[in-house]
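Chemist: Quick one: sequence and predicted model below, then my questions.
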Amino acid sequence: MFFQHLFSGIVLGCIYTLFSLGLTLIYGILGLINFAHGELYMFGAFLAFYAALLFSANYFVSTVLATVGMVVLGFVIEKAVFRPLRGYHDTNIILSTIGLSIFLQNVGILIFGPDPVRFATTFADISLTFAGITVGLQRLIIVVVTVILIIALHFFSQKTRMGKAMRACSQDLTAARMMGINVNKVTAFTVMIGAGLVGIGGALVAPLYLVSPIMGIKACSKAFAVVILGGLGNVPGAIMGGFIVGIAESLTAGMVSSHLRDVVPFLVLVFALLLKPEGLFSKHIQEKV
């Protein structure tokens, strides 16, 4: 049973990682805490559901279509909301993203309706057994896709011109602008990647749970616990934090009590902040003044 719950925790960690990567990328480069990230997750799930329903697309095609739709939505949000906020006080930015969250949630209710829907796929009903551990095929797909995306994101950030520009902007936005980097292009690309990642997360999770306009609220709160645990703006920290929280939550729910499932991420966060307030995987960087 321990290994069964451990695998469930790895799956949950993959979900939290996909959700948190976009959140920490946006903060790392724009210095912006996006409280509307949960609604992007919700839109990704609904887009995958309706792509399969309206266009008779198979699950993988509907996931790709949902991802493309979320990338476009990310571009619109960066252009219309995030870019005009650049340079304003943090309070203004936080209130604006909270307002965006409420707006997107109500748009979701108007478009998709208030009632939850179930995204039924053939993969959700198929289970495989390895060494006594039962693995749902849908959950296995989540793990495989997450690993591929983590590797792709690492390659992109280290080897491509845009990835290097994003790393430069995350270190110092003003210096990057002075060196000739198109900051507007980099920030737009960052938000598009973040929206695409969380859209994929929503599409992957949709067959496992009910899809509803308020599904992003709980997910967003746990994602904040993950990114703070790993260190705000720290991509490797978000990955490790996602797996720590996912495994801890699954083991506690399976071996202690399911009533503690939603408490665990925040307990882990509290203990982490007591031990290392800047995040478990953050690095101290000395700056000259």
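Modeler: That came through fine. Being a predicted model, the structure only gives us computed values, none of them experimental. Numbers count the residues shown, from 1 in each chain.
Chemist: biggest helix in the chain by residues?
Modeler: Counting by DSSP state H, the longest helix found in the chain is helix 2-30.
Chemist: Give the buried residues for it.
Modeler: If you call a residue buried by 16 or more other C-beta atoms under 10 Å, then helix 2-30 has these buried ones: 5, 7-30. Any C-beta I mention is one placed from the backbone N, CA and C, and that applies to glycine too.
Chemist: Quickly find the element holding Gly163.
Modeler: If you go by DSSP states H and E, Gly163 is part of helix 161-171.
Chemist: State the mean pLDDT of that helix.
Modeler: Helix 161-171 shows an average pLDDT of 87 in the prediction.
Chemist: Output that helix as PDB, nothing but the C-alphas.
Modeler: The C-alpha atoms that make up helix 161-171 are tabulated as PDB, following Å, rounded to 0.1, in the frame of the first residue of the first chain:
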ATOM      1  CA  ARG A 161      17.900  32.400 -27.700                       C
ATOM      2  CA  MET A 162      14.500  33.100 -26.200                       C
ATOM      3  CA  GLY A 163      15.200  30.900 -23.200                       C
ATOM      4  CA  LYS A 164      18.500  32.800 -22.500                       C
ATOM      5  CA  ALA A 165      16.700  36.100 -22.800                       C
ATOM      6  CA  MET A 166      14.100  34.900 -20.300                       C
ATOM      7  CA  ARG A 167      16.800  33.900 -17.800                       C
ATOM      8  CA  ALA A 168      18.400  37.300 -18.300                       C
ATOM      9  CA  CYS A 169      15.100  39.100 -17.600                       C
ATOM     10  CA  SER A 170      14.600  37.000 -14.500                       C
ATOM     11  CA  GLN A 171      17.900  38.200 -13.100                       C
END
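Chemist: what packs against it?
Modeler: Applying 3 or more C-beta pairs under 8 Å, 6 or more residues apart in numbering; DSSP states H and E, we find helix 161-171 packed against helix 2-30, helix 137-159, helix 173-178, helix 183-205.
Chemist: 7 Å instead, please
Modeler: Of the remaining helices and strands, those touching helix 161-171 by 3 or more C-beta pairs under 7 Å, 6 or more residues apart in numbering; DSSP states H and E are helix 2-30, helix 137-159, helix 183-205.
Chemist: okay, the angle between the first one and helix 183-205?
Modeler: When axes from the mean of the first three to the mean of the last three C-alpha atoms, to 10 degrees is applied, the directions of helix 2-30 and helix 183-205 differ by 160 degrees.
Chemist: so how far is helix 2-30 off the chain centroid?
Modeler: With C-alpha atoms, centre = their mean, to the nearest Å as the basis, helix 2-30 stands 7 Å off its chain's centre.
Chemist: ok, and what's touching the helix or strand that that helix is followed by?
Modeler: Where DSSP H and E defines the elements, the next helix or strand beyond helix 2-30 is helix 37-54. Helix 37-54 has contacts (C-beta atoms under 7 Å, 6 or more residues apart in numbering) with 19, 22-23, 57, 59, 62-63, 65-66, 69-70, 73, 101, 104-105, 108, 112, 117, 119, 195, 198-203, 205-206, 211, 213, 215-217, 219-220, 223.
Chemist: on that earlier part again, just checking, what packs against the longest helix of the chain?
Modeler: Contacts defined by 3+ C-beta pairs under 7 Å, 6+ apart place helix 2-30 against helix 37-54, strand 133-136, helix 137-159, helix 161-171, helix 183-205, helix 215-230, helix 235-255.
Chemist: how many other residues sit next to Val211?
Modeler: Neighbourhood size, Val211 [other C-beta atoms under 10 Å]: 22.
Chemist: I'd like the numbering to begin with 806 instead of 1 from here.
Modeler: Happy to do that; since the first residue is 806 now, the last one works out to Val1016.
Chemist: Against Tyr855, how distant is it?
Modeler: In this view, Val1016 and Tyr855 are 10 Å apart by C-beta to C-beta, to the nearest Å.
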